[in-house]
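Colleague: build me a model from this:
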Amino acid sequence: MNVPFAAAAAVAALCSAAVTTPVSAQNPPPLPGALARMPVREVTVFKDGHAFVLHEGRVATAGDGTVVLDNLPNPVLGTFWPYSAGGKGQLLSVVAGRRRVSVERTALSLRELLEANVGAPVLVTEVGDKPPYQATIVSVPTRPAVELEPAGSAAGSENAPRFVAGGADERLPQKGSLILLKTANGVKALDMARIQDVTFTESSKAKLAGEEYRSVLTLKMDWPGAGAPPRAADVGMMYLQKGLRWIPNYRVVIDGKGGARVKLQATLINELADLENVTANLVIGVPTFAFKETPDPIGLQDTVAQLGRFFQDGSRTGTSLSNGIMTQQVARSGEYYGDATTAGGAETGPAIGSADKNEDLFVFTVKNVSLKKGQRMVLPVTEFAVEYKDVYTLELPFAPPREARADHNNNQQQAEMARLLASPKVMHTIRLCNTSPYPITTAPALVLQNDRVLSQGMLTYASRGADADLPLTAAVDIRVKKTDKETQRTADAMQWADYKYARVDLAGVLTLTNYKDQPVTIEVKRFVAGEAKGATQNGDVERINTLEDGDGGGPTLAGWSAAYGGWPAWWNHVNTISRITWKMVIPPKKSASLNYNWSYYWR
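Modeller: Numbers count the residues shown, from 1 in each chain. I've put the predicted structure just below:
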């Protein structure tokens, strides 16, 4: 529809005025889309997924001398520390908030294409059988955000401003459906829905400048003694954040003669930020982050960001491979700053630097690490030679007394546990003597000999000078026969709290036969429900604390409790759990008998 020229001119004037309305203090002009990014120079990576990140570099300043960054971190509470690195400027404060940003994008619709080419001559064809006509795009009217809030609007009403984290009213200018075209008859206001197609008679622009809200970090600087603020500033920041993790794994090559070659490699999982030629410090140790589940308010986040499964505390790699030494022991029973590399030059790839001990943490330093966010990397860390011993181990848990089993029908779990007790197996283990300059951390270990894979097991933490056991496989050439029998039953042998208890005496024998062609060193642990009285072959007898001892008593008791519906409440009043330990050498083609006896009370 054509409108009179005077009316169209008035519409154009109003739209032009709306576009050029002065910006108030509450609505500063939009920031440029290409905001500064401070590069990562160094990361200190922990096995639990946390990383201490150091950003530093020269970045462009705004007209007032401030530095505006769009890489807003999500740090752990109390770990965010910004600073001025150049010495000329002084950091006054850091403000995190939401700001309007002008972003240039490719036009993908007719409306966006028309908005991008204001002032361009076009040939317009409207819907219907109307002929095309020449026109010049005058403008696409928009209503600025300041006009969207009527004076006196109440909070909670439809037109009330919408505030979010960072204190910003995130309303963008409202776009209408009209376009103003200058034709031979005047300025025409046309609904864009009536435009069928547009032909640009001259070159056209393919990109459109739009606005959006982003979380930005503003570093307010003071420049004492400087007339005008410099165009760039040397600034930095450091913080602790979850999202970058390293998982160690070992390759152990044994020669069959007591020598082993150990290689350590690291798998880096990056869900934090892009890394370009950074120095990565890989930490072995037990970090303590008291507020690791509490985000710092500077990150404008109410909760810690959700990451992949490798960063979940409940995952297998998040617990059994953690830095906690006690966690490593339980898993086993269950089976700083450096100079950044200079810019330019060819990509050389990661390079192993030094390895240092810092307090109770051990650090491997790897330089020239480049890894985009979302990528994974495997890189070699170190290699060393150690000696090992072939050790054979046998562990036999206890079974509930016959009286406890008699009151329960056999089920699948009971049958499986009974089967395992009836067919004990000796395990072949290699014991690594860690004489290397580095500690051995908890990690999967692949064992090879003569270029053939023998097994994969779990190495647990061993400090320098300590031993680390690595299970290989069941020793089928060492046979075990276990025999237990009752020797005596004494009625009313004890009275406790008006209850009388009978004492049951038992005797057992373990017969181990070595069918190998060489002698073997074997370590045997036998647990019994009751008090062990003695053992032959220099067996060491001791009572254990079933609540705290993680060597077998506690887990075994819990397993039997689940299978048999719980132990009697009075059991621990009059009984204990005992452990008998033997260490001996069995000659080739010979047998050894281990005798022991114990007793328990029952009512």
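Colleague: what about the strands in the stretch 451-600 of the chain?
Modeller: Listed in chain order, the strands of the stretch 451-600 of the chain (DSSP state E, counting those that start in this stretch) span 452-459, 467-474, 478-496, 499-514, 520-529, 531-535, 540-544, 577-586, 591-602.
Colleague: quick one: closest of those strands to P400.
Modeller: Closest to P400 of the strands of the stretch 451-600 of the chain is strand 520-529 (Cβ to Cβ; 6.5 Å). Every C-beta, even on glycine, is put in place using the N, C-alpha and C of the backbone.
Colleague: now the closest one, how far from the chain's geometric center?
Modeller: Averaged C-alpha coordinates place strand 520-529 at 39 Å from its chain's average position (Cα atoms, centre = their mean, to the nearest Å).
Colleague: how about stretch 118-126?
Modeller: 54 Å.
Colleague: isn't M494 right up against R503?
Modeller: Yes: the criterion here is Cβ atoms under 8 Å, and M494 meets it with R503 at 6.8 Å.
Colleague: what sits in contact with each of these two?
Modeller: Y601 (Cβ atoms under 8 Å, 6 or more residues apart in numbering).
Colleague: more crowded one of those two?
Modeller: Between M494 and R503, R503 has the larger neighbour count (other Cβ atoms under 10 Å), namely 18 against 13.
Colleague: isn't S84 up against L92?
Modeller: No: applying Cβ under 8 Å, one finds S84 not in contact with L92, separated by 9.5 Å.
Colleague: neighbour count: the two, which is higher?
Modeller: S84 (18 against 11).
Colleague: which strand residues bridge the more buried one?
Modeller: S84 forms beta bridges with V235, as assigned by DSSP bridges.
Colleague: swap in T125?
Modeller: D197.
Colleague: count of neighbours near it?
Modeller: If you count neighbours by other Cβ under 10 Å, T125 ends up with 15.
Colleague: and it, what does it touch?
Modeller: The contact partners of T125, by Cβ under 8 Å, 6+ apart, come to P132, I195, Q196, D197, V198, T199.
Colleague: next one: V574
Modeller: M494, W496, Y501, Y601.
Colleague: can I assume the third one is in contact with T490?
Modeller: Yep, that's Y501 we're talking about. No: using Cβ under 8 Å, Y501 is not in contact with T490; the gap is 9.7 Å.
Colleague: between those two, which one's more packed in?
Modeller: Using other Cβ under 10 Å as the criterion, Y501 and T490 rank with Y501 on top: 20 against 13.
Colleague: ok, now how distant is the more buried one from I247?
Modeller: To I247, Y501 is 52 Å away according to Cβ to Cβ, to the nearest Å.
Colleague: now do V59
Modeller: V59 sits 33 Å away from I247, going by Cβ to Cβ.
Colleague: can you give me the mean pLDDT across stretch 78-95?
Modeller: Mean pLDDT, stretch 78-95: 90.
Colleague: compute the first-to-last residue distance for that stretch.
Modeller: Stretch 78-95 has an end-to-end distance of 16 Å (criterion: Cα to Cα, to the nearest Å).
Colleague: if you count neighbours, what's buried in that stretch?
Modeller: Buried residues in stretch 78-95, counted by 16 or more other Cβ atoms under 10 Å: T79, F80, P82, S84, G89, L91, V94.
Colleague: how far away from the center of its chain is that stretch?
Modeller: On the basis of Cα atoms, centre = their mean, stretch 78-95 sits 28 Å off its chain's mean C-alpha point.
Colleague: what are the contacting residues of it?
Modeller: Here stretch 78-95 makes contact (Cβ under 8 Å, 6+ apart) with 52, 56, 58, 65, 73, 217-224, 226, 230, 233-241, 291, 296, 298-299.
Colleague: go again with 6 Å.
Modeller: Contact with stretch 78-95 is made by 56, 218-223, 233-240, 296, 298, as judged by Cβ atoms under 6 Å, 6 or more residues apart in numbering.
Colleague: just the buried subset of those residues, please.
Modeller: Using 16+ other Cβ under 10 Å as the burial test, these include 56, 218-219, 221, 233-240, 296, 298 as buried.
Colleague: could you list the domains of the chain?
Modeller: For the chain, automatic domain parsing gives the domain ranges 1-30+108-152+164-200, 37-106+206-391, 477-603.
Colleague: which of these sits closest to P397?
Modeller: domain 477-603 (4.0 Å).
Colleague: rounded mean pLDDT for that closest one, please.
Modeller: On average, the pLDDT along domain 477-603 is 87.
Colleague: turn the domains of the chain into CSV, including distance to D451.
Modeller: Converted to CSV, the domains of the chain look like this (distance: least, Cβ to Cβ, whole Å):
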stretch, distance to D451
domain 1-30+108-152+164-200, 57
domain 37-106+206-391, 9
domain 477-603, 23
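Colleague: with respect to R402, which of those domains lies nearest?
Modeller: domain 477-603 (8.1 Å).
Colleague: need the winner for burial among the strands of the stretch 451-600 of the chain.
Modeller: Of all the strands of the stretch 451-600 of the chain, strand 520-529 carries the top mean neighbour count, a mean of 21, counting by mean count of other Cβ atoms under 10 Å.
Colleague: tell me the helix or strand right after the helix or strand bottoming out on mean pLDDT in the chain.
Modeller: Lowest by mean pLDDT, DSSP states H and E among the helices and strands of the chain is helix 5-19, with a mean of 36. Next along the chain after helix 5-19, taking DSSP states H and E as the criterion, comes strand 40-45.
Colleague: that following strand pairs with which strands?
Modeller: Looking at strand 40-45 with DSSP bridges, its partner strands are strand 50-60 (antiparallel), strand 275-284 (parallel).
Colleague: possible to save those as CSV with mean pLDDT and distance to G119?
Modeller: Below are the strands paired with strand 40-45 laid out as CSV (pLDDT from 0 to 100; distance: least, Cβ to Cβ, whole Å):
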stretch, mean pLDDT, distance to G119
strand 50-60, 93, 30
strand 275-284, 94, 41
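Colleague: perfect, I'm done here.
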